[in-house]
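S.K.: here is my input; please provide its structure:
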Amino acid sequence: MKEVQPWMGRTELLLGPDKLKTLVNSNVLVVGLGGVGGIAAEMIARSGVGKMTIVDADTVDPTNRNRQIPALKSTEHKVKADVLAERLLDINPELELQVLPVYFRDQITEDVLNNNKFDYAVDCIDTLSPKVYFIKACIDKGIPIVSSMGAGSKVDPTRLRVADISETYNCHLAKYVRKYLHRLGVYKGVKAVFSDEQRMPEFQVVETPNDMRKKSVVGTISYMPAVFGCTVASVAIRDLYNRQ
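M.R.: As a prediction, this is how the structure comes out:
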C-alpha cells in the first residue's frame, strides 16, 4: 500500500484522504505521448497516481514544439517516452513508472495488457488501426478506458464534450473509430473526448508519403491538444477515485 506524500497536500484538501489514497494506489496506462497524451500523462501523475505505464515509439520532431509537452529545442530527436519519463519522475520521484518506447499494436498490445493489472487505460493514439485494436482489447479484458478523438483542425476549447463513442459527431477521427469498432461488433460503451466544433474552413491536410504510420497530418493550434489531454485525464482521475 503506497502512502500519500506531503507534496499532494492540496489534492488531499480537495478530495479528502480516502479518494487520494485510491489514486495513489492506482495503476494507469497511457498510450500515445503527443500533444494530448503527454499532458494527460502529466496531469495523471500530478494527481498522485502511484503507478503508470507510458507508451510511445516516436521521437520529438521540430514541428511538435507548437503543441506537445515533451517538445523543446533541447529535446529534438529524443524518444518522447524517455523525455516524459524524466519529467514525470521529477514531479513524483516515488512514481512506479514503466516506460515502453514501442509502437503499440497487435501482439505488443496483448502482451502489455496481459502482463499488467491496470485500473484504467488512456487512449491518445492518433493512428486508426492500433487505436481501435487497443480500445477493443481493453473492452475484452474489462479495463476501463477513455479515448481521445481528434484535436486537429479545431480552435474552440469550449466545444469539447465527454460522451459515449456512439454519441460523437462533427469529428473525422471519431467517425472512423465508430466505423471500425462496428466491424468488431462494438457500438457503444467507450468514453470519448471529442469536439463538436466544425473544422476550421482554412484547415489543410498534408500527405506524408514517407511516414509508414501516418498517411496525413492536419493543422493544430497550441492549446487544443492540452485541453483534450486535461479533459481525458480528468475523466480517468474522477472514474478512479469514484470506483467502488
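S.K.: any stretches of the protein with poor pLDDT?
M.R.: Applying pLDDT under 70 to the chain flags residues 203, 207-215, 244.
S.K.: in it, which spans are strands?
M.R.: 27-31, 51-55, 96-100, 120-123, 145-148, 160-164, 191-195, 205-207, 216-218 (DSSP state E).
S.K.: make JSON lines from these and add distance to residue 40 and mean neighbour count to it.
M.R.: For every residue, glycine as well, the C-beta is placed using N, CA and C. Shown next, in JSON lines, are the strands of the chain (distance: least, Cβ to Cβ, whole Å; neighbours: other Cβ atoms under 10 Å):
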{"stretch": "strand 27-31", "distance to residue 40": "6", "mean neighbour count": "25"}
{"stretch": "strand 51-55", "distance to residue 40": "10", "mean neighbour count": "23"}
{"stretch": "strand 96-100", "distance to residue 40": "15", "mean neighbour count": "16"}
{"stretch": "strand 120-123", "distance to residue 40": "6", "mean neighbour count": "26"}
{"stretch": "strand 145-148", "distance to residue 40": "8", "mean neighbour count": "26"}
{"stretch": "strand 160-164", "distance to residue 40": "13", "mean neighbour count": "16"}
{"stretch": "strand 191-195", "distance to residue 40": "9", "mean neighbour count": "25"}
{"stretch": "strand 205-207", "distance to residue 40": "25", "mean neighbour count": "10"}
{"stretch": "strand 216-218", "distance to residue 40": "20", "mean neighbour count": "14"}
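S.K.: reformat these as JSON lines; add distance to residue 185.
M.R.: As requested, the strands of the chain are exported to JSON lines (distance: least, Cβ to Cβ, whole Å):
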{"stretch": "strand 27-31", "distance to residue 185": "22"}
{"stretch": "strand 51-55", "distance to residue 185": "26"}
{"stretch": "strand 96-100", "distance to residue 185": "28"}
{"stretch": "strand 120-123", "distance to residue 185": "18"}
{"stretch": "strand 145-148", "distance to residue 185": "16"}
{"stretch": "strand 160-164", "distance to residue 185": "16"}
{"stretch": "strand 191-195", "distance to residue 185": "18"}
{"stretch": "strand 205-207", "distance to residue 185": "30"}
{"stretch": "strand 216-218", "distance to residue 185": "28"}
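S.K.: wait, which of those is closest to residue 172?
M.R.: Evaluated with Cβ to Cβ, the strands of the chain place strand 216-218 nearest to residue 172, the distance being 8.5 Å.
S.K.: and for the top helix by length along the chain, what's in contact with it?
M.R.: Assignment by DSSP state H gives helix 224-242 as the longest helix of the chain. Residues outside helix 224-242 that contact it (Cβ atoms under 8 Å, 6 or more residues apart in numbering): 15, 19-20, 22-23, 26, 28, 34-44, 47, 49, 67-69, 119-120, 122, 124, 144, 146, 148, 151-152, 154-155, 157, 160, 162, 191, 193, 195.
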